[in-house]
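In: just the structure for this:
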Amino acid sequence: MFETIMLVINDFLFNYGYLSLFISALLAASLIPLSPEVLIVFMCQTHSFWGIVLVATAGSFFGSLTTYALGYWGVHKISNRFEVISPEKYEKGLKLFEKYGAWLLLFTSIPVIGDVFPFVAGAVRYDFKKFSILIVIGKLVRFALVVTLCDLGYDITTSLI
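Out: Numbers count the residues shown, from 1 in each chain. Got it, this is the predicted structure:
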């Protein structure tokens, strides 16, 4: 049974690998708790280094962009009505943003707290061009590191659990 499931997954990744990665990275960066790293582990065996890095970066950037937009277009309306981000998490992110500045956007890949930084950047109306540059740099470095570790044979899935 497990072998059949793995064959289906491998077939899907072979035929839709980059699309799957883009969607996974986009959702993971837009407040939905997913991890594209698991998909990257499978893709490292058959897909190109730069293909994986660029597609994951693009998907993750667009996911962060949606979070930025949520903050930009109604931080209080959206968070109070739907609680996109808890008030405590927002306040903590805002304090960190005020203390360390926009450089925190390089670290949006940090689990739990990292998702709040694009939201806060949107809420404080941080410059979109600077936001985009910092997000892309941070995501590019993250995924290049993940793929490099994978290519070196390091099992990154055990560090995700």
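In: give me the mean pLDDT for stretch 55-66.
Out: Mean per-residue pLDDT for stretch 55-66: 94.
In: just the buried residues of that stretch, please?
Out: Buried residues in stretch 55-66, defined by neighbour count with 16 or more other C-beta atoms under 10 Å: V55, A56, T57, A58, G59, S60, F61, G63, S64, L65, T66. Placement of C-beta: from N, CA and C, glycine included.
In: leaving out chain neighbours, which residue sits closest to S132?
Out: Nearest-residue entry for S132: F61, 7.4 Å, with adjacent residues in sequence omitted and distances by C-beta to C-beta, 6 or more residues apart in numbering.
In: please, which helix or strand holds the one you found?
Out: Element membership of F61, judged by DSSP states H and E, is helix 49-72.
In: quick one: distance of that helix to the chain centre.
Out: Centroid displacement of helix 49-72 relative to its chain, using C-alpha atoms, centre = their mean, to the nearest Å, is 6 Å.
In: quick revisit: ok, of the buried residues of stretch 55-66, which one's closest to V136?
Out: F61 (5.7 Å; C-beta to C-beta).
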